[in-house]
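A.B. asks: Have a look; sequence and predicted model below, questions after that.
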Amino acid sequence: MSTATLTTTTPVVGIWDEIEELSNLFARYRVEIQFTDRVMGGIPQNPKIIEGWLRQRFTGSDDAEMRELLLRTLDQLGMEPDAELTREQLDEIAKKAAAEQKGNTFFRTDAGCCLGDYQIKAMLKEATSIIYPWSPDNKWGPTRKAPRSFLAERVFIDEKWVPLGRMEPDGKHLQIGQVTGPKGPRSTLTYYDYCERPTATFTVFSLEDMVKPDQWQRILLTGQREGLGALRSMGHGQFKVIAFDRL
């Protein structure tokens, strides 16, 4: 995926929208979070963007450590780079590396970098399954569903895209891994756009307010540690809830 901005469509108006607004069918909660460090983009990125970033890093006189690291890694990838490369050689290496490696970024809208509603709902479902694991004695509601399934059917994120308050990412993170194949161990490079400590605000719709305040607290406290975005297993994407208000 490139960094092209997603098309903003006109909201669809339903015949019962006004009734829904006046009814008690859904409880609405405004949730504001602030990330404690970096949140990483996880949307596949156009290799041309990676190529440009690689070329910039190779030729940047103020980034000697990164240059050495990439030269060593490209050597492990079988590209046999020389310590004194010409501009043409650097361009060729950048093109080859970008074509073979992966990059990840954020969704973009007119508001800039965004998280998708599905990412937030996935976080809520995962946190629920952790703090309220299924058991014969732990079933919710009149349908006696497992907590995770119960929440998945009754909780919705109102916004399709949740802005992070950045028109462009704050930087790009290089993640180096090791894989073993037929030719032995080799390095892999994956690039992640990131935003540094952004805030995000979204609206949760809870059907008939069936998830109770103490349950919301436990779910979101767990979600804070689980995080949002890519590279969560490495501690990225953790956040703090700074507001949780019923509308």
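C.D. replies: Sure thing, it's come through.
A.B. asks: Could you pull out the strands in the chain for me?
C.D. replies: Assigned by DSSP state E, the strands in the chain fall at 26-35, 38-40, 43-44, 102-105, 107-109, 112-116, 155-157, 161-163, 171-181, 184-196, 199-207, 239-246.
A.B. asks: I'd like these as TSV, with mean pLDDT and distance to residue 230 appended.
C.D. replies: (Each C-beta comes from the backbone N, C-alpha and C, glycine too.) What follows is these, written out as TSV (pLDDT from 0 to 100; distance: least, CB to CB, whole Å):
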stretch	mean pLDDT	distance to residue 230
strand 26-35	97	13
strand 38-40	96	4
strand 43-44	78	9
strand 102-105	79	6
strand 107-109	88	13
strand 112-116	94	11
strand 155-157	96	19
strand 161-163	96	16
strand 171-181	78	9
strand 184-196	81	6
strand 199-207	97	15
strand 239-246	97	14
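A.B. asks: Give me whichever of those is most buried.
C.D. replies: strand 38-40 (a mean of 27; mean count of other CB atoms under 10 Å).
A.B. asks: ok so, going back, would you turn the strands of the chain into TSV with distance to residue 214?
C.D. replies: Formatted as TSV, the strands of the chain follow (distance: least, CB to CB, whole Å):
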stretch	distance to residue 214
strand 26-35	14
strand 38-40	27
strand 43-44	35
strand 102-105	36
strand 107-109	33
strand 112-116	26
strand 155-157	16
strand 161-163	25
strand 171-181	37
strand 184-196	31
strand 199-207	14
strand 239-246	12
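A.B. asks: Not counting sequence-adjacent ones, nearest residue to residue 170?
C.D. replies: residue 196 (4.4 Å; CB to CB, 6 or more residues apart in numbering).
A.B. asks: where does that neighbour sit relative to residue 204, distance-wise?
C.D. replies: 25 Å (CB to CB, to the nearest Å).
A.B. asks: can you check residue 185 too?
C.D. replies: Using CB to CB, one gets 45 Å for the distance from residue 185 to residue 204.
A.B. asks: now the chain, which segments are flagged as low pLDDT?
C.D. replies: Along the chain, segments meeting pLDDT under 70 span 1-9, 20, 22, 45-102, 178-179, 181, 183-184, 186-188.
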